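Student: Predicted model, plus sequence, below.
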Amino acid sequence: MNRLTDKVAVVTGGAMGIGLATAQLFADEGATVVVADLTKPDLDALGPTVEYAELDVTDEAAWAGLVADVTSEYGRLDVLVNNAGVIDYAGIAEVTPEDWARVIGVDQTGVFLGIRAALGPMRAQRAGSIINLSSAWGVVGSEGVAAYQAAKGAVRGLTRNAAITYATDGVRVNTVIPGWVTTPLTDRQPPEKNAEVIALTPLGYGAAPRDIAWGCVYLASDESRYVTGSELVIDGGLLAR
Amino acid sequence: MDNLTGRVALVTGAAQGIGHAVATALAAAGAEVTATDIRDQSDLGDHIRTRSHDVTDDRRWREIVAEIEADHGRLDILVNNAGVSGYDDLHDLSLTEWNRIVGINQTGVLLGMQHALRLMRAQQSGSIVNISSICGAVSVPGVAAYHASKHAVLTMTKNAAVSYAREGIRANAVLPGWIRTPLTLGQTGELNGVFLDATPMGVGGEPSDVADAVCFLVSDRARFVTGVDLPVDGGYLAR
């Protein structure tokens, strides 16, 4: 229960789903956690080492403010989990410029802004772990979800690029690739769409948010000190078919 | 040589380098080619129609595709080749520069596919080739926005392939390695060395090498090929 003792972590989109589970496990493992989200989670349930900061991940100035606040309060930033994400289900032919821009803004540009903001303290302290959430749909094609697929693919490229560029600065950057996970996002999807993905999953059921969060704990901890630029697939075998 | 007689093709970024070679090769194979670029394309010759085109401009895409529709009634081939690089490290990259590169390399590809799909879905056939890069699969230091956008092109291609396969439309990506073009020749010798030293064949490729791959993918010989990433890279990605 002390795999992340003394680490200071920021988890975006930490108010629900995978982000919330990650914040909870990070706290259980001894980290100080800042949940950065547009909505506030139940902090009483998360315990005394978890705090909330309002953050729109597409807001460059808000990122600078958040990182300044964290480093002035705790003196460092060890872990950033870029988890905040939105989805749109339209295909290439139908997606509107507004929906395209919104999804790319949150899922892709938000990750870029987060990495860039965290690199300040992480390069200065010559240590850090950045974890970016992509998706099985950042790897293989699916019908519809055009903007989400583009953004999640871009996250993999951005992760590799940051990993290679900042490896000698002591900053590790990795991607986590969830398959189908029970979250508020997937709860809102049509049941038949969910059933379709689960039917394709060799393990035969969807992940719980904690299944993804455990992967984030590993990548945040010193257990993964030699791991950078990698992609941790947590998908019940979906991509291995 | 593949016979593309009567096929109607649109190639972006055709003023130089890979796009120039692709437009020339498609025309040589018999296709009716419209070549577009923001730069001068006067050396492409009389048999290729050239149009000025900023690929981030949705309205201009509409005009160009409408003109093709009016003249030919169809569009068989789209090659989304236009692209730019930017060499800033991630920590130095401004949001403005990020948006510029993602706009051309990624949103430009979306717009091209959207406008082409309008005709291709109506005719229930078509072949789209998106030019990604070895940087769409792996990375070198720096050049952050380029890596992100070229990775995005690969997933967008697979998305198009899966979404429109049953409508007779194929979508594939080509991943050039280091190719001798004005873009790469404008790069620092140091950066070019990074790529060339890591290329098993030990030499760079020519634009015609990429054009040959595109000609295969748009031809009927590739009728069962969709959603693939075809590297033309001297072995770079196989290391």
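Tutor: Thanks, I have the structure now.
Student: Which secondary structure state does the closest residue to B:Met201 other than its chain neighbours sit in?
Tutor: Distances taken as CB to CB, 6 or more residues apart in numbering or on different chains place B:Gly234 nearest to B:Met201, at 3.5 Å, with adjacent residues excluded. All C-beta atoms are positioned from the backbone trio N, CA, C, and that covers glycine. State at B:Gly234, reduced to three classes by DSSP: H, G, I helix; E, B strand; the rest coil: coil.
Student: What of B:Tyr87?
Tutor: coil.
Student: Quick one: distance of stretch A:230-238 to the chain centre.
Tutor: 14 Å (CA atoms, centre = their mean, to the nearest Å).
Student: again but with stretch B:86-105, I slipped
Tutor: The answer for stretch B:86-105 is 19 Å, by CA atoms, centre = their mean.
Student: Okay, buried residues for that stretch please.
Tutor: B:86, B:88-91, B:93, B:98-99, B:101-105 (16 or more other CB atoms under 10 Å in any protein chain shown).
Student: who's in contact with that stretch?
Tutor: By CB atoms under 8 Å, 6 or more residues apart in numbering or on different chains, the residues outside stretch B:86-105 that reach it are A:60, A:104, A:108-109, A:112-113, A:115-116, A:119-120, A:123, A:154, A:158, A:161-162, A:165-166, B:55-56, B:82-85, B:141-146, B:148-150, B:152-153, B:187, B:191.
Student: for stretch B:186-197, same thing?
Tutor: B:85, B:87, B:134, B:140-143, B:177-178, B:184, B:202-204, B:236.
Student: what residues are up against B:Arg170?
Tutor: Going by CB under 8 Å, 6+ apart, the list of residues near B:Arg170 reads B:126-128, B:161, B:217, B:222-223, B:225-226.
Student: so where do the strands sit in chain B?
Tutor: B:8-12, B:32-37, B:49-52, B:77-80, B:126-131, B:169-176, B:229-232 (DSSP state E).
Student: Off-centre distance for the longest one?
Tutor: So that's strand B:169-176. Using CA atoms, centre = their mean, the offset of strand B:169-176 from its chain centre is 8 Å.
Student: Just the C-alphas of that strand, formatted as PDB.
Tutor: Output of strand B:169-176 as PDB, limited to C-alpha atoms (Å, rounded to 0.1, in the frame of the first residue of the first chain):
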ATOM      1  CA  ILE B 169     -14.400   2.700 -50.600                       C
ATOM      2  CA  ARG B 170     -10.800   1.700 -49.600                       C
ATOM      3  CA  ALA B 171      -8.600   3.900 -47.400                       C
ATOM      4  CA  ASN B 172      -4.900   3.200 -46.900                       C
ATOM      5  CA  ALA B 173      -1.900   5.000 -45.500                       C
ATOM      6  CA  VAL B 174       1.600   5.200 -46.800                       C
ATOM      7  CA  LEU B 175       4.500   5.800 -44.400                       C
ATOM      8  CA  PRO B 176       7.400   7.200 -46.200                       C
END
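Student: Tell me how far the residue nearest in space to the middle of chain A lies from chain B.
Tutor: With distances taken as CA atoms, centre = their mean, A:Asn83 lies nearest the centre of chain A, 2.4 Å away. For A:Asn83, the distance to chain B equals 18 Å [CB to the nearest CB, to the nearest Å].
Student: looking at it, that residue is touching A:Ile18, isn't it?
Tutor: Yes: A:Asn83 is in contact with A:Ile18 according to CB atoms under 8 Å; the separation is 5.8 Å.
Student: What backbone torsions are found at the residue nearest to B:Met201?
Tutor: Backbone torsions of B:Gly234, given as degrees, to the nearest 10, read phi 60, psi 20.
Student: One more: A:Tyr52?
Tutor: phi -120, psi 140.
Student: How much space separates the residue nearest to B:Met201 from chain A?
Tutor: 20 Å.
Student: List the residues that contact that residue.
Tutor: B:177-178, B:199-205.
Student: swap the cut-off to 7 Å and go again
Tutor: B:177, B:199-201, B:203, B:205 (CB atoms under 7 Å, 6 or more residues apart in numbering or on different chains).
Student: If we ignore the residues flanking it in sequence, what's nearest A:Thr22?
Tutor: A:Ala213 is the one closest to A:Thr22 (CB to CB, 6+ apart), at 4.2 Å.
Student: And for chain A, the residue most distant from the center?
Tutor: A:Ala93 (28.1 Å).
Student: again with chain B
Tutor: Furthest out from the centre of chain B (CA atoms, centre = their mean) sits B:His91, at 28.0 Å.
Student: Next one: that residue relative to A:Ala62, how far apart?
Tutor: 18 Å (CB to CB, to the nearest Å).
Student: Pass me the low-pLDDT residue ranges in chain B, would you?
Tutor: Along chain B, segments meeting pLDDT under 70 span B:1.
Student: Who are the contact partners of the residue nearest in space to the middle of it?
Tutor: By CA atoms, centre = their mean, the mean C-alpha position of chain B lies nearest to B:Asn81, the distance being 2.4 Å. By CB under 7 Å, 6+ apart, the contact list for B:Asn81 reads B:11-13, B:18-19, B:22, B:131.
Student: 10 Å - rerun?
Tutor: B:11-14, B:17-23, B:35-37, B:55, B:108-109, B:112, B:129-131, B:174, B:176, B:210-211, B:214 (CB atoms under 10 Å, 6 or more residues apart in numbering or on different chains).
Student: other SSEs contacting the top helix by length along chain B?
Tutor: As assigned by DSSP state H, the longest helix anywhere in chain B is helix B:144-164. Helices and strands touching helix B:144-164, by 3 or more CB pairs under 10 Å, 6 or more residues apart in numbering or on different chains; DSSP states H and E, are helix A:110-125, helix A:146-166, strand B:77-80, helix B:95-102, helix B:108-123, strand B:126-131, strand B:169-176, strand B:229-232.
Student: In terms of secondary structure, what does the helix or strand bottoming out on mean pLDDT in chain A contact?
Tutor: Across the helices and strands of chain A, mean pLDDT, DSSP states H and E gives its lowest value to helix A:184-187, namely a mean of 89. Secondary-structure packing of helix A:184-187 (3+ CB pairs under 10 Å, 6+ apart): helix A:17-28, helix A:191-200.
Student: from the chain's centre, how far out does that helix sit?
Tutor: 16 Å.
Student: buried set for it?
Tutor: A:Thr186.
Student: Show me the contact partners of that helix.
Tutor: So helix A:184-187 is contacted by A:13, A:15-18, A:20, A:85-87, A:180, A:193-194, A:197-198, A:206-207, A:209 (CB under 10 Å, 6+ apart).
Student: Pull out the buried members of those residues.
Tutor: Buried among the contacts of helix A:184-187 (16+ other CB under 10 Å): A:13, A:15-18, A:20, A:85-87, A:180, A:193-194, A:197-198, A:206-207, A:209.
Student: Now do the contacts for the residue nearest to A:Asp107 when sequence neighbours are not counted.
Tutor: In space, and not counting its chain neighbours, A:Asp107 is closest to A:Ala151: 3.6 Å by CB to CB, 6+ apart. Applying CB under 10 Å, 6+ apart to A:Ala151 gives the contacts A:85-88, A:100, A:103-111, A:134-135, A:137-138, A:145, B:106, B:148, B:152, B:155-156.
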